[in-house]
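J.: Can you look at this prediction? I've put the sequence above it.
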Amino acid sequence: MTPLRILLGGLGVRGRHWAEVLHRSPRTEIAAYADPNPAAIERMAAQYGDRPAFESVETALDSLPDIDAIVLANPPIGRLTQVNAAAARRLPLLIEKPLALELGEAAALVSIAEAAQIPLMVGLNFRFLGVTIETMRLFAENTVGTPEFARFTYERYRDGNRPDLNKYPLTMDQPMLWEQSIHHFDLMRYIYGSDPVTVQARTWNPSWSMYESDANVAALFTLQNGMVINYQGTWQSGWSQPGFEWRTDCTNGVISQRHQFGDLFYARHADESLTPVPLPPHEQWITETQGLLDAFTDTVIDGKPLQCSGRDHVMSLAMVYACVLSSREDRCVQINSVLPQKLGGFIQLDGGAKHYK
Ligand SMILES: NC(=O)c1ccc[n+]([C@@H]2O[C@H](COP(=O)([O-])OP(=O)(O)OC[C@H]3O[C@@H](n4cnc5c(N)ncnc54)[C@H](O)[C@@H]3O)[C@@H](O)[C@H]2O)c1
């Protein structure tokens, strides 16, 4: 089988994960690089070998007739021209989350890809973690019954000035929500197989925050299936040590995930202690990104149904925006009311329902 020739755009922190995964996969090869920063290209070439390199995706596509697909790990700003260029050449796209920082723009990107009949997958790698797959299995096997409510806490002191982290979140609007909570909201929809109905949220910035905009969010979601989820996330925790717990209370027990990349437990109602769930070996940022890439190549090469579609992602982005609105206007927001008209107010859930119901 000839590997897919991939144009890799955006060669920063996330681009380096992608380079490693594309390099390891027998189904892909890195055909070219695109990044406006020459130092990023040099660093990539030193590690993964010289390739034709361009300052933009558009110029790369103008010069290279033999690209099969594009992986984009640039910041989520100004992706319209890139998606248009890919659509003009009918090239499948795998684009990092969040697809855009504005719902209308995200809907426009989805519409362009759908009109060109090209897959547009979003980089929701956390769906492919062993811990996520095992949680789905616990639900599928009815280990502790049906989920009814949950508490999701994510506490991190994220030093945005660390050299190995991207810098744009320091100055963007609502960095915690758009950059981090988007993963959590997507996972909630995916794991519970249900879309959100309402949210009441508050965002704020601690006095010591290094971020210009809010690093904290607290939100109470209701889902279509009746689930109530209490969410709290921060990038500016008062403690340098991270905290994570995602606990789901079910009709006959609880499921508890205690690390964002692992540590899964369950307890039946009368159990005195939690039972650990064995998880497969995991190389952080790589294993789950490989899972995402496999899903992409399964679609592009084998014609399997698209997972993590842009259309599905718009609903998770709507959760983010509804939190912003709820906090700003101090009210409960109906998630449907913020969905872009361009998508006809209709989002098809490609999440977990089919896996366990
Ligand atoms: N899925 C995940 O787990 C995960 C993890 C980290 C980052 N991300 C996402 O990846 C994306 C990039 O984040 P990052 O941390 O790598 O940022 P970064 O700032 O480290 O790197 C971004 C790179 O994109 C380049 N770039 C800027 N404009 C470009 C353009 N028009 N075309 C091509 N390249 C361009 C920059 O020069 C830089 O090299 C964001 O959307 C972010 O949310 C996802």
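T.: Alright, I've got the coordinates. None of the values given here were measured: they were computed from a predicted structure.
J.: From now on I want contacts and neighbour counts done on CA atoms only, so please keep to that.
T.: Will do.
J.: Enumerate the residues of the chain near the ligand.
T.: Contacts of the chain with the ligand, taken as C-alpha under 6 Å from any ligand atom, map to 9-15, 34-37, 40, 56-57, 73-76, 96-98, 123-125, 165-167, 179.
J.: go with 5 Å
T.: 9-14, 35, 37, 56, 73-76, 96-97, 166 (C-alpha under 5 Å from any ligand atom).
J.: Which single one of those residues is nearest to Asp214?
T.: Among the residues of the chain next to the ligand, Asn166 lies closest to Asp214 (C-alpha to C-alpha), at 17.0 Å.
J.: For Ile70, which residues count as its bridge partners?
T.: For Ile70, the beta-bridge partners are Leu7, Leu93 (DSSP bridges).
J.: Distance check, it against the ligand.
T.: 11 Å (C-alpha to the nearest ligand atom, to the nearest Å).
J.: And for the closest residue to Leu274 other than its chain neighbours, the neighbour number?
T.: Spatial nearest neighbour of Leu274, chain neighbours left out: Ala267 (4.8 Å); criterion: C-alpha to C-alpha, 6 or more residues apart in numbering. If you count neighbours by other C-alpha atoms under 10 Å, Ala267 ends up with 19.
J.: related to what we said a few turns ago, which among the residues of the chain next to the ligand end up buried?
T.: 9-12, 14, 35, 56, 73-76, 96-97 (16 or more other C-alpha atoms under 10 Å).
J.: Need the contact partners of stretch 244-262.
T.: 129-131, 135, 144-155, 243, 263-270, 279, 284 (C-alpha atoms under 8 Å, 6 or more residues apart in numbering).
J.: Please, where are all the helices along the stretch 101-250 of the chain?
T.: All helices of the stretch 101-250 of the chain, identified by DSSP state H, counting those that start in this stretch, fall at 103-116, 130-140, 175, 182-192.
J.: Number of residues surrounding Glu55?
T.: Neighbour tally, Glu55, other C-alpha under 10 Å: 16.
J.: For it, report the pLDDT, please.
T.: Looking at Glu55, its pLDDT is 97.
J.: What does it show for phi and psi?
T.: Backbone dihedrals for Glu55, given as degrees, to the nearest 10, come out at phi -80, psi -10.
J.: OK, contacts around it?
T.: Shown in contact with Glu55 (C-alpha under 8 Å, 6+ apart): 34-38.
J.: one more time with 10 Å
T.: 9-10, 33-38, 41 (C-alpha atoms under 10 Å, 6 or more residues apart in numbering).
J.: quick revisit: what are the bridge partners for the residue nearest to Leu274, then?
T.: On the basis of DSSP bridges, Ala267 is bridged to Val254.
J.: where in the chain is pLDDT low?
T.: 342-357 (pLDDT under 70).
J.: which residue is nearest the middle of it?
T.: In the chain, the residue lying closest to the centroid (C-alpha atoms, centre = their mean) is Leu124, at 3.2 Å.
J.: residues in contact with it?
T.: By C-alpha under 10 Å, 6+ apart, the neighbours of Leu124 are 95-98, 182-184, 186-187, 288-289, 292, 307-309, 313.
J.: Please apply the same query to Arg79.
T.: 57, 72, 85, 95, 99-100, 105-106, 109.
J.: what do you get if the cut-off is 7 Å, keeping everything else the same?
T.: Applying C-alpha atoms under 7 Å, 6 or more residues apart in numbering to Arg79 gives no contacts.
J.: One more: Gly130?
T.: Taking C-alpha under 7 Å, 6+ apart, one finds 279-280 in contact with Gly130.
J.: so how far is Leu317 from it?
T.: Distance check for Gly130 against Leu317: by C-alpha to C-alpha, to the nearest Å, it reads 24 Å.
J.: Number of residues surrounding Pro26?
T.: 12.
J.: nope, Asp68 is what I was after
T.: Residues within reach of Asp68, counting by other C-alpha under 10 Å, total 18.
J.: quick one: it and Ile6 touch, right?
T.: Yes. The pair Asp68 / Ile6 is scored as a contact, 6.0 Å apart, by C-alpha atoms under 7 Å.
J.: On the three-state scheme, Arg258 is what?
T.: Classification of Arg258 using DSSP: H, G, I helix; E, B strand; the rest coil returns strand.
J.: where's it relative to the ligand, distance?
T.: Distance from Arg258 to the ligand, by C-alpha to the nearest ligand atom: 18 Å.
J.: Show me which helix runs longest in this structure.
T.: Using DSSP state H to define each element, the chain has its longest helix at helix 310-329.
J.: tell me which residues in that one are buried?
T.: For helix 310-329, by 16+ other C-alpha under 10 Å, it's 310-327.
J.: now do stretch 46-63
T.: Across stretch 46-63, burial judged by 16+ other C-alpha under 10 Å covers 53-58, 60-61.
J.: cool, stretch 300-310 as well?
T.: Quick answer for stretch 300-310 (16+ other C-alpha under 10 Å): 300, 306-310.
J.: So what touches it?
T.: With C-alpha under 7 Å, 6+ apart as the test, stretch 300-310 has contacts from 110, 119-122, 124, 295, 298-299, 350.
J.: which of those residues sit farthest apart?
T.: It's Val110 and Asp298 that sit farthest apart of these, by C-alpha to C-alpha, at 19.9 Å.
J.: Right, and the ligand sits closest to which residue of the stretch 101-250 of the chain?
T.: Going by C-alpha to the nearest ligand atom, the ligand is nearest to Asn166 of the stretch 101-250 of the chain, at 3.9 Å.
J.: Just list the residues touching that residue, thanks.
T.: Val13.
J.: List the single closest residue to the one residue in the stretch 201-350 of the chain that gets nearest to the ligand in space, sequence neighbours excluded.
T.: Here the stretch 201-350 of the chain gets closest to the ligand at one residue, Trp285, 6.7 Å apart by C-alpha to the nearest ligand atom. Leaving aside its sequence neighbours, Trp285 sits nearest to His17 (C-alpha to C-alpha, 6+ apart; 6.6 Å).
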